[in-house]
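Q: Sequence and predicted structure below; questions after.
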Amino acid sequence: MKIALITLAALIPAALSAAPTMGVFFDNPPTRLYITPPQQFSLFQAYVFGEGIDCFMTAAEFAMAIPEGLLMTAFSVPQGSLTLGDPVTGISITYWPPMDGWTPGYNVLCTIEFLFVGDNCWCPYNGATMDLPIRIVPHPGSGRVLGLCWPQDFLFDFVGLCSILCPSTICMGVEGTSWGAIKSLYR
């Protein structure tokens, strides 16, 4: 019995880490979940990516929670796709031909253009606009962040990620940190 529980406990983190994720990234291919401070009234692009999709995906459904001071001005989806709604209030997207979830390991689900109308993000001066989260949240209609695999037509849940505008950890830098504390981060 103890061996079965230990085995189950060892498998749970692996199963959770293997779950497909969906997040707002600020580069293509997806590597950055944060962005350096944008200037007030500047436009910038972000990409909603799905990662770890182990099938041919034909649909996705999600919403985004965006902070005050950030406006979505436009969004686009891959050619051949149909949409219902928008990313901020809840969007359902169909993809044809189906997206290959294996190669290269991620898919652009949609591209979003934002306008930053908040205060300037002057991080060295501890401005008011720091750590502004953009979250992938459940679609209000289904209450889930969903994907649809083809040809089996089964639904799966994404794990929604959180992205940050003006991250205070990057803005604050290391001025108040000793060299020993910085080195200890990499041990």
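A: Cool, got the structure.

Q: mind checking the SS state of the residue positioned nearest the centre of the chain?
A: In the chain, the C-alpha nearest the mean C-alpha coordinate belongs to Gly23, at 1.2 Å (C-alpha atoms, centre = their mean). Assigned with DSSP: H, G, I helix; E, B strand; the rest coil, Gly23 falls in the strand class.

Q: Just to check, Thr107 is in contact with Cys55?
A: Rather than Thr, residue 107 is Asn. No: taking contacts as C-beta atoms under 8 Å, Asn107 lies outside contact range of Cys55: 11.1 Å. Any C-beta I mention is one placed from the backbone N, CA and C, and that applies to glycine too.

Q: Those two: who's more crowded?
A: Asn107 (22 against 19; other C-beta atoms under 10 Å).

Q: Wasn't Gly85 part of a helix?
A: No: assignment of Gly85 by three-state DSSP gives strand, placing it outside any helix.

Q: okay, it: pLDDT?
A: pLDDT recorded at Gly85 is 97.

Q: Not counting sequence-adjacent ones, nearest residue to it?
A: Sequence neighbours aside, Ile91 is the residue nearest to Gly85 in space, at 4.4 Å (criterion: C-beta to C-beta, 6 or more residues apart in numbering).

Q: Next, that neighbour: secondary structure please.
A: Per three-state DSSP, Ile91 ends up strand.

Q: wait, it sits on Ala63?
A: Yes: here Ile91 reaches Ala63: they are 6.9 Å apart, a contact under C-beta under 8 Å.

Q: Need the overlap of contacts for Asn107 and Cys55.
A: Shared contacts of Asn107 and Cys55, defined by C-beta atoms under 8 Å, 6 or more residues apart in numbering, are found at Gly101.

Q: Now Thr89: closest residue in space, sequence neighbours ignored.
A: Ala63 (6.7 Å).

Q: partner strands of the helix or strand containing that neighbour, parallel or antiparallel?
A: If you go by DSSP states H and E, Ala63 is part of strand 56-65. In the sheet, strand 56-65 lines up against strand 90-100 (antiparallel), strand 132-137 (antiparallel), strand 146-150 (antiparallel) (DSSP bridges).

Q: number of nearby residues for Glu61?
A: Neighbour tally, Glu61, other C-beta under 10 Å: 22.

Q: is it true that it touches Pro140?
A: No: at 10.1 Å, Glu61 does not count as touching Pro140 under the criterion of C-beta under 8 Å.
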